[in-house]
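Enquirer: Please find the sequence and the predicted model below.
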Amino acid sequence: MKLIVAPGVTLLSETVVFFGSELGHPPTHEKKNMPFILAGGGGGLKGGRLLEFGGKAPNHLLVSILNLFGDTRTTYGHAEYNSGPLAGLTG
């Protein structure tokens with residue numbers, strides 16, 4: 001990925017890796033405070049930070065990732081779990 005070069009960027013520098021868990025507390029199958037990791041710099045993602053979003057549904061994060069790459073959707077999945085993208089992912 002580092003060797004695939006476009007004007008001024010590499011494929012590696014335009015990549016976002018998403019890693020997460022469906023459970024916030026596996027022994028109880030709790031679905032609150034689920035941990036997610038984003039790595040990379042694609043779409044202007046700013047790394048090296050710990051961000052907390054007050055228990056918002058993961059759908060907000062998924063919309064935010066779509067928006068990083070130019071998708072203009074404001075919701076993902078059921079509307080009751082999503083009211084738009086998260087602020088502060090880019091620097």
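Expert: Thanks, I have it. Numbering: from 1, shown residues only.

Enquirer: Tell me how many other residues surround residue 23.
Expert: When neighbours are defined as other C-beta atoms under 10 Å, residue 23 has 15 of them. The way it works is simple: take the backbone N, C-alpha and C, and place the C-beta from them, glycine included.

Enquirer: I misspoke; the intended subject was residue 74.
Expert: Using other C-beta under 10 Å: residue 74 sits among 12 other residues.

Enquirer: Then the one 4 residues further on?
Expert: For residue 78, the number of neighbouring residues by other C-beta under 10 Å comes to 9.

Enquirer: Distance check, it against residue 85.
Expert: 16 Å (C-beta to C-beta, to the nearest Å).

Enquirer: Would you mind measuring from residue 90 to residue 5?
Expert: From residue 90 to residue 5 the distance is 23 Å (C-beta to C-beta).

Enquirer: what does residue 67 give?
Expert: Distance check for residue 67 against residue 5: by C-beta to C-beta, it reads 25 Å.

Enquirer: neighbour-wise, which of the two wins?
Expert: Remark: of residue 67 and residue 5, residue 67 carries more neighbours, 18 against 11, as counted by other C-beta under 10 Å.

Enquirer: which non-adjacent residue is nearest that one?
Expert: Counting by C-beta to C-beta, 6 or more residues apart in numbering, residue 67 lies nearest to residue 85, which is 5.0 Å off, once chain neighbours are set aside.

Enquirer: Return the residues in contact with residue 59.
Expert: Counting by C-beta atoms under 8 Å, 6 or more residues apart in numbering, residue 59 touches 75-78, 81-82.

Enquirer: So it lies in a strand, does it not?
Expert: No: looking at residue 59 with DSSP: H, G, I helix; E, B strand; the rest coil, it is helix, so not inside a strand.

Enquirer: What ranges does the protein have for its strands?
Expert: Counting by DSSP state E, the chain has strands at residues 5-6, 9-10, 16-20, 36-40.
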